[in-house]
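Enquirer: Here is a sequence together with a model predicted from it:
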Amino acid sequence: MAERIIIANGTLVTPQEVVQDGTLVIEGGRIAEVSERRVPRSDPGVIDAGGKLVVPGFIDLHVQGCCGHDVWEADPSAVRAMAESLVRFGTTAFLATTEYNPPGIAAIRSAMADGCPGAQPLGLHIEGPFVSPRRLGAIPESYCWRPSLSALEGILQTTGPDLRLMVVAPEVEWGVEIVRELAAAGVRVAVGHSDATREQAAAGIEAGISHATHLFNAMRGISSADIGVAGTVLTHDEVTAELVADCIHVHPAMLALAVKLKGPHGIALISDAIRATGLPDGVYRHRENDEELHVRDGAVRLRDGTIAGSTLTLNRAICNMVRRADVPLREAVTMATHTPARIAGVAESKGALEAGMDADITVLDNAFEVRMTLVRGRIVHAEGATGCSSLSEAGPRSLSKAGPRTGPKGQGPTRA
Ligand SMILES: [Zn+2]
């Protein structure tokens, strides 16, 4: 049973307000109190946040890999390693994301069934296989299938009840019927990797699409003649959208425009993280074969220059939204917490600093660096870096549970 922890003197970002010098009480793995009550910092179990930001743990709907591991390894221990590393970046829950890749999916499901250390995998986010060959981005052609309802049936058997989000291009043959079947099966359907016109995208939304994967990327954009997928998503309030806010995938002005049109409850910040996330620039093996991911200045590309995921982390995404897209802090935090919680179907227990919620908590300094992460009331990462002495005083017991300080061994960059 997780113990009682009090985080005092924090800048708490709640759904309603930003509370200065606030107190957060955690009991039995849940938030017991969020208040302005002053607590003596010398009390046992008190962590002095020193005015740092205390926010809900991030919920990342789009994680392919992290810190030397990814879903393509098709190994449950790789998925567990991803979960364990993600807390270094403040992420406490995520959707494990991949193309329709049955061995990888089996690994995710096995890791979910056995439980993961660190961040909690909430389910599967599958990109394809019914996507547009014209908007594949980094998806290999062999992972784009000829659509059929019988193929869909087989896919649903493979994913089982763990499928949370599936990306479909509604304009492909049988696309609208596939959307309808998925929505009827309780799966949230996302438009993505799609060349749909406004009419085709609207037909998909009518059939049950309620989300858009990496808005603006690998989809038909806006022109004066056709607002395309991006414009249709922006103008349908009932459709939520993901943004890769690394300022590489999407320009900061476009990030600001998306928030202006959809509001913080319509946008989820995602990382689209790959195995090089958290590791240095270099050349990384991709999909366990001869492909390579070239990471330069944090941007990830295939050999031919195609963008292939990112090395963004959600603390940096929030920083970019605040500093480069001029979005208020509370809204940026909402987009990394409450909104993705709603999309993943876990908003009853996650995504807000409120009494009764899971104590998934992230503490950020004023440079948006992650100083501490708790999952269900347990400290899973604590950074005792310079300028964070108050948090490093959380106790040797807590600090001994800290996540890896350096990148995992064995899967660092390999030179081509
Ligand atoms: Zn994609």
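Expert: Yep, it's here. Numbering: from 1, shown residues only.

Enquirer: Output the below-cut-off pLDDT ranges for the chain.
Expert: 1-2, 384-416 (pLDDT under 70).

Enquirer: what's the domain layout of it?
Expert: Annotated domains of the chain cover 5-56+351-399, 58-344 [automatic domain parsing].

Enquirer: Check which element follows the longest helix anywhere in the chain along the chain.
Expert: The helix that spans the most residues within the chain, counting by DSSP state H, is helix 102-114. Next along the chain after helix 102-114, taking DSSP states H and E as the criterion, comes strand 120-127.

Enquirer: now the following helix or strand past that following strand and helix 102-114, what's the angle there?
Expert: Going down the chain from strand 120-127, the next helix or strand is helix 149-159, by DSSP H and E. On the basis of axes from the mean of the first three to the mean of the last three CA atoms, to 10 degrees, helix 149-159 is oriented at 40 degrees to helix 102-114.

Enquirer: how about helix 149-159: buried residues?
Expert: A151, L152, I155, L156, T158, T159 (16 or more other CB atoms under 10 Å). Every C-beta, even on glycine, is put in place using the N, C-alpha and C of the backbone.

Enquirer: name the helices or strands packed onto the helix or strand following that helix?
Expert: Next helix or strand after helix 149-159 toward the C-terminus (DSSP H and E): strand 163-168. When contacts are defined as 3 or more CB pairs under 8 Å, 6 or more residues apart in numbering; DSSP states H and E, strand 163-168 packs onto strand 120-127, helix 175-184, strand 188-191, helix 338-344.

Enquirer: Adjacent strands (with direction) for the third one?
Expert: Neighbouring strands of strand 188-191 in its sheet, by DSSP bridges, are strand 163-168 (parallel), strand 209-212 (parallel).

Enquirer: And the next helix or strand after it, what's buried?
Expert: With elements assigned by DSSP H and E, the helix or strand that comes after strand 188-191 is helix 198-207. Residues R198, Q200, A201, A202, A203, G204, I205, A207 are the ones in helix 198-207 that count as buried (16+ other CB under 10 Å).

Enquirer: which one of those residues is nearest N101?
Expert: Distance to N101 across those (CB to CB) is lowest for G204, with 23.5 Å.

Enquirer: Nearest residue to that closest one in space, please, no chain neighbours.
Expert: Spatial nearest neighbour of G204, chain neighbours left out: P170 (2.7 Å); criterion: CB to CB, 6 or more residues apart in numbering.

Enquirer: Could you do I274 as well?
Expert: G309 (3.9 Å).
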